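Novice: Generate a structure from the sequence data that follows.
(chains A and B)
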There are 2 protein chains.
Amino acid sequence: MNFSSKLLEDAVAEFAKLPGVGQKTALRLVLHLLNRDKDEVQRFSDSVSKLRNQIQFCSICHNIADQPVCMICSSHKRDHSLVCVVEDTRDVMAIENTNQYNGVYHVLGGLISPMDGIGPADLEVDSLVERLKDNHVKEVIFALSATMEGDTTIFYLHKKLKQFNINISTIARGIAFGGELEYVDEITLGRSIVTRVPYENSLSG
Amino acid sequence: MNFSSKLLEDAVAEFAKLPGVGQKTALRLVLHLLNRDKDEVQRFSDSVSKLRNQIQFCSICHNIADQPVCMICSSHKRDHSLVCVVEDTRDVMAIENTNQYNGVYHVLGGLISPMDGIGPADLEVDSLVERLKDNHVKEVIFALSATMEGDTTIFYLHKKLKQFNINISTIARGIAFGGELEYVDEITLGRSIVTRVPYENSLSG
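Specialist: Modelled structure (predicted):
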């Protein structure tokens, strides 16, 4: 592209580095910002810079937080004997939105993926093991994606956590509520027959 | 969404104000920035703030520029007797990319659109009239979108510019190069027959 301004070119180049944003989209976003009030744009710019410089990670669960210990970990209303292991903060948000879970979390910060060069050392595995050592935790729930990376991570962590006298579970896999049987893949359908549950436990809500 | 951090929530809210960016996309972009180096994120933030605070508009053609007069308007290699009237800086970039135009531009900053409350006073119309008064300009080319707003703007400007002894033209409308006839809409096809050109003038490149 032929930019008439270096400032414009720089801003477009920075936006185009974002995932899923190409040159044309970047230009559209930048021109939109140019049309907005200076104050608004400054607020946008500040929010990004503040986020990166001031953000903290909870020293207990490693979720994104504004304080050294996050709101969930410092809450007395949560069940601290129940730890849900998730990949990242998005999963915490997704589970919180269900209003079905009252325990605490442990954010791994990723999944084991040899293809991407991510091993156990890159994840918050040691701190999870440390957390379990004081015998407060009664159950660990793995809420990881049902992918090869998720299964590998569960397999690895399960071996690590076997030494403790705690229950280890994974979130249920099966057909989604509202899902039509004929469109469900064979593996999911097959496993959902093998791991069938008593009728009384199967009702939603 | 349940955010674990106010900083995160603020940044997501700011990104979600961008056109075409919803909450989920905003969260994805913000988490991406969180994973990047602090320096890189600062560069992103600075580029936005610098753009908005330091950008200038060329005092002659009103295109985005880094100097008081843009590179095109200050170039001696351009034909200053030929002025191409466009809606915004994206159109200047599009025409520059064709390498087919050697004149200068006039950026209106929008199109007349009563539905959006945009009238001639909101556009750079007076400055265009001023530019034509010193008799330097021989031709004005309207390169505006072939929409109702574009046509309204051309109609209005044409009435304003009639008083000057200059040629007024619009870019050619017709079927696109590579376009298949059966998919061309009726209005375009009909007009392209009425405004047919001698074979010698029709060759591309």
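Novice: ok, for A:N2, nearest residue in space, not its chain neighbours?
Specialist: Sequence neighbours aside, B:E96 is the residue nearest to A:N2 in space, at 4.1 Å (criterion: Cβ to Cβ, 6 or more residues apart in numbering or on different chains). Where C-beta positions appear, they are placed from N, C-alpha and C, glycine not excepted.
Novice: in chain A, which helix has the most residues?
Specialist: The longest helix of chain A (DSSP state H) is helix A:38-54.
Novice: Tell me if it is near chain B.
Specialist: Yes - Helix A:38-54 is in contact with chain B by Cβ under 8 Å from any Cβ of the partner chain, via A:38, A:40-54.
Novice: which parts of stretch A:15-28 are buried?
Specialist: A:15-16, A:18, A:21, A:25-28 (16 or more other Cβ atoms under 10 Å in any protein chain shown).
Novice: now the strand ranked longest in chain A: how far from the chain's centre is it?
Specialist: The single longest strand within chain A, with elements called by DSSP state E, is strand A:79-86. Between the mean C-alpha location of strand A:79-86 and the chain-wide mean there is a distance of 14 Å, by Cα atoms, centre = their mean, to the nearest Å.
Novice: So what touches the host helix or strand of the residue nearest to A:N2?
Specialist: Element membership for B:E96, per DSSP states H and E: helix B:89-98. Helix B:89-98 is contacted from outside by A:1-4, A:8, A:27, A:31, B:63-64, B:72, B:84, B:86, B:101, B:105, B:107, B:143, using Cβ atoms under 8 Å, 6 or more residues apart in numbering or on different chains.
Novice: again, 10 Å this time
Specialist: With Cβ atoms under 10 Å, 6 or more residues apart in numbering or on different chains as the test, helix B:89-98 has contacts from A:1-5, A:8, A:24, A:27-28, A:31, A:34, B:57, B:61-65, B:70, B:72, B:84-86, B:101, B:103-109, B:141, B:143-145, B:171.
Novice: who's in contact with the residue nearest in space to the middle of chain A?
Specialist: The centroid of chain A falls nearest to A:D88 when counting by Cα atoms, centre = their mean (2.4 Å). By Cβ under 10 Å, 6+ apart, the residues touching A:D88 are A:62-64, A:107-111, B:31, B:34-35.
Novice: Give me the subset of those lying in helices.
Specialist: Using DSSP H, these in helices are B:31, B:34.
Novice: ok, of the contacts of A:D88, which one's closest to A:K162?
Specialist: A:L108 (17.9 Å; Cβ to Cβ).
Novice: Please give the element, helix or strand, for A:S169.
Specialist: Taking DSSP H and E as the definition, A:S169 sits inside strand A:167-170.
Novice: now swap in A:G178 and tell me
Specialist: A:G178 belongs to no helix or strand, assigned by DSSP H and E.
Novice: burial count for it?
Specialist: 6 (other Cβ atoms under 10 Å in any protein chain shown).
Novice: distance of it from chain B?
Specialist: The spacing between A:G178 and chain B, counted by Cβ to the nearest Cβ, to the nearest Å, is 20 Å.
Novice: picking up where we left off before, next, find the distance separating the residue nearest to A:N2 from A:N35.
Specialist: Using Cβ to Cβ, to the nearest Å, one obtains 21 Å as the distance from B:E96 to A:N35.
Novice: if you count what's nearby, which of the two comes out ahead?
Specialist: It is B:E96, of B:E96 and A:N35, that has more neighbours when counted by other Cβ under 10 Å, with 16 against 11.
Novice: I'd like the distance between the more buried one and A:L27.
Specialist: 14 Å.
Novice: what's the overlap in contacts for these two?
Specialist: A:1, A:3.
Novice: what residues does the lowest-mean-pLDDT helix or strand in chain A touch?
Specialist: Within chain A, no helix or strand scores below helix A:186-194, which has a mean of 84 by mean pLDDT, DSSP states H and E. Applying Cβ under 10 Å, 6+ apart, the contact partners of helix A:186-194 are A:146, A:172-176, A:179, A:181-184.
Novice: Also stretch A:152-164?
Specialist: A:85, A:87, A:106, A:108, A:110-114, A:118-120, A:123, A:125-126, A:128-129, A:132-133, A:135, A:137, A:140, A:142-147, A:168, A:170.
Novice: domain ranges for chain A?
Specialist: A:6-42, A:78-171 (automatic domain parsing).
Novice: would CSV of those with mean pLDDT and distance to B:H158 be doable?
Specialist: Formatted as CSV, the domains of chain A follow (pLDDT from 0 to 100; distance: least, Cβ to Cβ, whole Å):
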stretch, mean pLDDT, distance to B:H158
domain A:6-42, 92, 27
domain A:78-171, 92, 55
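Novice: Let me have those domains in TSV, extended by distance to A:R191.
Specialist: Output for those, formatted as TSV (distance: least, Cβ to Cβ, whole Å):
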stretch	distance to A:R191
domain A:6-42	32
domain A:78-171	10
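Novice: Go through the ones you listed and name the closest to B:R78.
Specialist: domain A:6-42 (19.6 Å).
Novice: Look at that closest one and report the distance between its end residues.
Specialist: 19 Å (Cα to Cα, to the nearest Å).
Novice: Equivalent analysis for stretch A:111-122, please.
Specialist: 9 Å.
Novice: got it, and stretch A:178-190?
Specialist: Chord length of stretch A:178-190, first to last residue, is 18 Å (Cα to Cα).
Novice: Same question for stretch A:131-139.
Specialist: 12 Å.
Novice: which outside residues touch that stretch?
Specialist: For stretch A:131-139, contacts defined as Cβ under 10 Å, 6+ apart pick out A:60-61, A:79-84, A:103-104, A:106, A:124, A:128, A:140, A:160-161, A:163-169.
Novice: coming back round to it: output the contacting helices and strands for the longest helix of chain A.
Specialist: Applying 3 or more Cβ pairs under 10 Å, 6 or more residues apart in numbering or on different chains; DSSP states H and E, we find helix A:38-54 packed against helix A:23-35, helix B:6-15, helix B:23-34, helix B:38-54.
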